[in-house]
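Pasting the sequence and the predicted model now:
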Amino acid sequence: MKLKSLSYSIIRFYHLFRKHILHRDVQMFISPITVKHIERYRLAASFISPGSRVLDAACGSGYGSAFLKDCEYVGIDLDGSVLQYARQNYSGVFEQLPIHEVGKLAKFDAIISFETLEHLDNPTGGMSALLSCLKPGGSLILSFPLNHPDDIYHKTVFTPDGVDELFVECFGSRTFERRDFFQSGILIDDLRQKLSETQEGTLTVLLQEIED
């Protein structure tokens, strides 16, 4: 009886620990950055037609493919370890490839790239490379951290004007209809929140090419 009572106490303690400690830990430490990325993928999926050939540039661990499961999904990244995880856990094609070599792939109906260009030595070259593999009439969904100084990982600090200048420099004769969506830099906020010119946050841009 004592052994049975001890076993019951251990099991009861385990369940209480899991409920009140582990669950609370998850709630306390959920990453707002991950939630924001998920919201961007949800936004992208709402604008991309099923069956489209989609490039996800800097796809990371590949979870974005879950929101585009009805598309022909191709993800590229520089990190081989996260690509291995992506191949094991998600459907789609995952390639270890830098953005400036994306022209090696066939053209795409839509291109996604979230918070990527600020990491490049030459964001203009990266943007031009993405445009070069976009089919006529295709769409781009890009995100940029705004007014976010990061001397360790970011090579460019984008402002709203800086994003505008990048587009003017890269679009050439191509014309795009543009829609902007904002997120503040603090915790989890609505995707459509408007930011001031100097406020830190994230700009997500939907670009749909207009054909003559």
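Received the coordinates, thanks.

pLDDT-wise, which helix or strand of the protein ranks last?
helix 23-29 (a mean of 54; mean pLDDT, DSSP states H and E).

Show the subsequent helix or strand relative to it.
Counting by DSSP states H and E, the next helix or strand C-terminal to helix 23-29 is helix 32-47.

For that next one, name the packing helices and strands.
Packing partners of helix 32-47 (3 or more CB pairs under 8 Å, 6 or more residues apart in numbering; DSSP states H and E): strand 108-114, strand 134-146, strand 175-184, strand 201-210. Just so you know, the C-beta spots here come from the backbone N, C-alpha and C atoms, and that holds for glycine as well.

try it again with 10 Å
strand 53-57, strand 108-114, strand 134-146, strand 175-184, strand 201-210 (3 or more CB pairs under 10 Å, 6 or more residues apart in numbering; DSSP states H and E).

Output the ones you listed as TSV; include the columns distance to N122 and mean neighbour count.
Formatted as TSV, these follow (distance: least, CB to CB, whole Å; neighbours: other CB atoms under 10 Å):
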stretch	distance to N122	mean neighbour count
strand 53-57	15	25
strand 108-114	15	23
strand 134-146	15	20
strand 175-184	21	16
strand 201-210	19	18
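
Nearest approach to L78 belongs to which of the ones you listed?
strand 53-57 (10.5 Å; CB to CB).

now the closest one and strand 134-146, what's the angle there?
Per axes from the mean of the first three to the mean of the last three CA atoms, to 10 degrees, the angle that strand 53-57 makes with strand 134-146 is 30 degrees.

May I have the strands that pair with strand 53-57, each with its orientation?
Counting by DSSP bridges, the strands paired with strand 53-57 are strand 72-77 (parallel), strand 108-114 (parallel).

Tell me which of those sits nearest to L97.
The closest of these to L97 is strand 72-77. By CB to CB, the value is 4.4 Å.

would you put the C-alpha positions of that closest one in PDB?
C-alpha atoms of strand 72-77 as PDB (Å, rounded to 0.1, in the frame of the first residue of the first chain):
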ATOM      1  CA  GLU A  72       4.700  24.500 -55.300                       C
ATOM      2  CA  TYR A  73       7.000  25.700 -52.500                       C
ATOM      3  CA  VAL A  74      10.700  26.200 -52.800                       C
ATOM      4  CA  GLY A  75      12.700  27.500 -49.800                       C
ATOM      5  CA  ILE A  76      16.300  28.700 -49.800                       C
ATOM      6  CA  ASP A  77      18.600  29.500 -46.900                       C
END
